[in-house]
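Student: Return a 3D structure for these sequence lines:
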Amino acid sequence: MTAPCRIEHVEARLMGSEKVLSYRVLFTGYDEPGEDDWIGNAYRFGSRYEAECYGSDRASQWAKIKGWRVVASADAVNSGWDAARSTVEEIHRT
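Tutor: Down below sits the predicted model:
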């Protein structure tokens, strides 16, 4: 069974001149001390859909995931989701 997904629309919370450039996935686990303790990694996807695919895939494989969510980020895109292989591809920009 896949952990529940919470897709948050936080674009409006980005302040000043920051714009949504990417999407990231945050996870919470059964070992986390508080209900609002969310952790993520450095992956930043170019679309909400890619981030959702990554989050769903990882949550279905990891045993201690209680939930996950996708949030907007002002960080540059650095990753892509390869659905055929269920892997993340790093994007290197010069």
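Student: What number of residues are in the vicinity of the closest residue to residue 57 other than its chain neighbours?
Tutor: Among residues not flanking residue 57 along the chain, residue 86 sits closest, at 5.3 Å (CB to CB, 6 or more residues apart in numbering). The way it works is simple: take the backbone N, C-alpha and C, and place the C-beta from them, glycine included. For residue 86, the count of nearby residues is 13 (other CB atoms under 10 Å).
Student: Can you give me the distance of residue 86 to residue 73?
Tutor: Counting by CB to CB, to the nearest Å, the gap from residue 86 to residue 73 is 22 Å.
Student: Next: residue 43.
Tutor: Per CB to CB, residue 43 is found 10 Å from residue 73.
Student: Overlap in contacts, these two.
Tutor: Contact criterion CB atoms under 8 Å, 6 or more residues apart in numbering; residues shared by residue 43 and residue 73: residue 24.
Student: Which residue ranges of this structure form helices?
Tutor: 48-61 (DSSP state H).
Student: Skipping adjacent residues, who's closest to residue 43 in space?
Tutor: Using CB to CB, 6+ apart, the closest residue to residue 43 is residue 79 (4.2 Å).
Student: just residue 88 next, same as before
Tutor: residue 79 (5.1 Å).
Student: Now the residue nearest to residue 57, what are its backbone angles?
Tutor: Main-chain dihedrals, residue 86, degrees, to the nearest 10: phi 50, psi 50.
Student: which residues are in contact with stretch 37-49?
Tutor: Applying CB under 8 Å, 6+ apart, the set of residues contacting stretch 37-49 from outside is 7, 21-29, 32, 51, 54, 69-70, 73, 75-81, 88.
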